[in-house]
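Trainee: requesting a structural model of the entry that follows:
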Amino acid sequence: MSRRRRRSSGDDALLVAFGVLVLVGLLLVKAAQWAWAHWWVLLVIGALALAAVVGWIYQRVDRLRAVQLRRQGLVYSLGQLDAMHHTAFEYAIRDLLARDGSLDAVRCGGRGDLGADVKGHDPLGRLWVIQCKHRKKGLDGAAVGTPDLQTLNGTGRPVHRGDVVVMVTNGRISQPARDFARGQRLHLVDRRLLERWARGARPLWEILPAVPPPPSRKPPRLR
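Mentor: From the prediction side, this is the model:
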């Protein structure tokens, strides 16, 4: 009687296992049929996965480059900055921010940048939102005016959530614009201050006056 029960239990287990295998096989067949009929979905998923991998690699390379910049002690002269295209100028500002210790400094300028050309956190966790205004003629070029600062003020904190909102130019800034910046807690880096920063002696957060204290939130974890 005991042997019959054991044999019956073994047969039941085999039937269950066989049933599970059949079910799994049917599911795999259905999945293959679905994939064949919807190949474009798999193509989209593959493209998104590839984009995610490329983005991750880009971030890793960019952070390694930031470490390298700090070790090399990157410096620029005003002549070098004046000779740049405005896009290259934005990348130079990003590199200076990275040199000073921003591990996630990124150039984000271009169409639809919403008033921010460079963004990055400093070692104390403050998010810096920077708008760049390059002037080919330096001091002889058009002054950065109040309208430029109004655009930055309208997006720097409300849109980009910046803790420190900065206008950087290799030229000059009009007095009305300076007055507006003072009233709106915007920070200005004009040609004179840019030269000090680009020389590399001190990071920007030590050069600029009245920089706000670190936020209460913890600095972002960078892997």
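Trainee: immediately after the helix or strand bottoming out on mean pLDDT in the chain, which helix or strand?
Mentor: Every helix and strand in the chain was compared by mean pLDDT, DSSP states H and E; the lowest is helix 39-72, with a mean of 67. Note on helix 39-72: by DSSP states H and E, the next helix or strand toward the C-terminus is helix 78-82.
Trainee: all helices for the chain, in order.
Mentor: Assigned helices in the chain, in chain order: 2-37, 39-72, 78-82, 86-99, 146-155, 175-184, 191-199, 204-207 (criterion: DSSP state H).
Trainee: where does the chain dip in pLDDT?
Mentor: In the prediction, the chain carries residues with pLDDT under 70 at positions 1-11, 42, 55-72, 110-113, 217-223.
Trainee: beta partners of the residue most central in space within it?
Mentor: Using Cα atoms, centre = their mean, the residue of the chain that lies closest to the mean C-alpha position is V106, 4.7 Å off. Per DSSP bridges, residues listed as beta-bridge partners of V106: K119.
Trainee: the domain parsing of this structure - what is it?
Mentor: Following automatic domain parsing, one gets these domains for the chain: 2-57, 75-207.
Trainee: can you put those domains in TSV and add distance to P213?
Mentor: Where you see a C-beta, it was placed from the backbone N, CA and C, and this is true even at glycine. Converted to TSV, the domains of the chain look like this (distance: least, Cβ to Cβ, whole Å):
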stretch	distance to P213
domain 2-57	32
domain 75-207	8
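Trainee: please identify the most buried of those.
Mentor: Taking mean count of other Cβ atoms under 10 Å as the contact definition, the stretch among the domains of the chain with the greatest mean neighbour count is domain 75-207, which reaches a mean of 18.
Trainee: could you work out the end-to-end span of it for me?
Mentor: Start-to-end span of domain 75-207 (Cα to Cα, to the nearest Å) is 15 Å.
Trainee: right, so of the helices of the chain, which gets closest to K137?
Mentor: Go through those one by one with Cβ to Cβ and the one that ends up closest to K137 is helix 78-82, at 8.0 Å.
Trainee: remind me what that closest one packs against, helices and strands.
Mentor: Secondary-structure packing of helix 78-82 (3 or more Cβ pairs under 8 Å, 6 or more residues apart in numbering; DSSP states H and E): helix 191-199.
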